[in-house]
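Engineer: what would the 3D arrangement of this be:
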Amino acid sequence: MNTTHTRTYEQGGVSGSLLAIIGLIVLVLVAGSFAIWAYLNYNEQKTNVDGKIDLAVVQGKKVQSDEDEKKFAEREKEPNRQFVGPDDYGRLTFDYPKTWSVYEATDISKGGDYEAYLNPITVPPVTSTQQYSLRVLIQQKDYDQIVKSYEALVKKGDLRSTATSADGNNGTRFDGNFSKNIRGSAVIYRIRDKTLTVQTDADTFKPDFENIIKTIKFNQ
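Structural biologist: Coordinates of the predicted model:
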């Protein structure tokens, strides 16, 4: 009788110890799995952070390189050169970047309109659709007639018209789309019995254009 009770007690004790051991093993496995997951997650996050840092460094270097290149290009334009137009056409002058070339497209020895084109390094062949850094046109037409020729584009909303001045001379400025291929700005002035138009064909050259028109001078 006592022997049977003792065996039952011992078996119960063994079962309890076994369950405790199994529970401990499960906890160790769970803790180990969590530790492995945490380590892998840490590595993944660290890799992502390191990748983002590397990308930011590369992008920062590119931005700095682009800024340095832009500053260098601006410095290369200085000192400016002076454009001088024909004496008989008011002797137009203005300053332009030294890295630009000038092409006079017309011979006005026998009269007619005067045309000149300016562009960085080389001037492309003259066409109606080609974009130039700067166009210079002195026409033997009335100022009001030239300004009126842009009226339709202003009414359509393609161009915006504002007043402007150069060296004490009043004129008209247009900004916007002059045609399908030409989007820029132009200033128009009366020179004696002729009309001057100075125009840039792309917004890319807008900063240079703004600097140029500040230096425009001509004789009335």
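
Engineer: low-confidence ranges in this structure?
Structural biologist: Low-confidence segments of the chain (pLDDT under 70): 1-16, 61-62, 64-78.

Engineer: quick check: domain ranges of it?
Structural biologist: The record's domain parsing of the chain by automatic domain parsing lists 1-76, 81-213.

Engineer: what's the most buried one of these?
Structural biologist: Ranked by mean neighbour count under mean count of other C-beta atoms under 10 Å, those are led by domain 81-213, which reaches a mean of 16. No exception for glycine: its C-beta is placed from N, CA and C like everyone else's.

Engineer: outside of stretch 109-120, which residues touch it?
Structural biologist: Applying C-beta atoms under 8 Å, 6 or more residues apart in numbering, the contact partners of stretch 109-120 are 83, 85-86, 89, 96-97, 99-106, 108, 123, 126, 132-140.

Engineer: do stretch 155-163 as well
Structural biologist: Identification of contacts with stretch 155-163 by C-beta under 8 Å, 6+ apart yields 150, 153, 154, 170, 171, 172, 173, 174, 175, 176, 177, 178.

Engineer: show me the two of those residues that sit farthest apart.
Structural biologist: Spatial extent of those (C-beta to C-beta) is set by the pair 170 and 177 at 24.7 Å.

Engineer: mind checking the end-to-end distance for stretch 202-219?
Structural biologist: Start to finish, the residues bounding stretch 202-219 are 28 Å apart (C-alpha to C-alpha, to the nearest Å).

Engineer: repeat that for stretch 205-220.
Structural biologist: Terminal residues of stretch 205-220 lie 28 Å apart, using C-alpha to C-alpha.

Engineer: can you check stretch 207-218 too?
Structural biologist: When the termini of stretch 207-218 are compared using C-alpha to C-alpha, they are 22 Å apart.

Engineer: contacts for it next, please.
Structural biologist: Contact with stretch 207-218 is made by 77, 85, 90-97, 133-134, 164, 166-167, 169, 184-185, 187, 189, 191, 196, 198, 200, as judged by C-beta under 8 Å, 6+ apart.

Engineer: do stretch 85-92 as well
Structural biologist: For stretch 85-92, contacts defined as C-beta under 8 Å, 6+ apart pick out 83-84, 93, 108, 114, 116, 136, 138, 191-192, 194, 196, 216-220.

Engineer: let's see it at 10 Å
Structural biologist: With C-beta atoms under 10 Å, 6 or more residues apart in numbering as the test, stretch 85-92 has contacts from 83-84, 93-94, 104, 108-109, 111, 113-114, 116, 136, 138-140, 166, 189-194, 196, 198, 216-220.

Engineer: measure residue 207 to residue 133 for me?
Structural biologist: Using C-beta to C-beta, to the nearest Å, we find residue 207 at a distance of 11 Å from residue 133.
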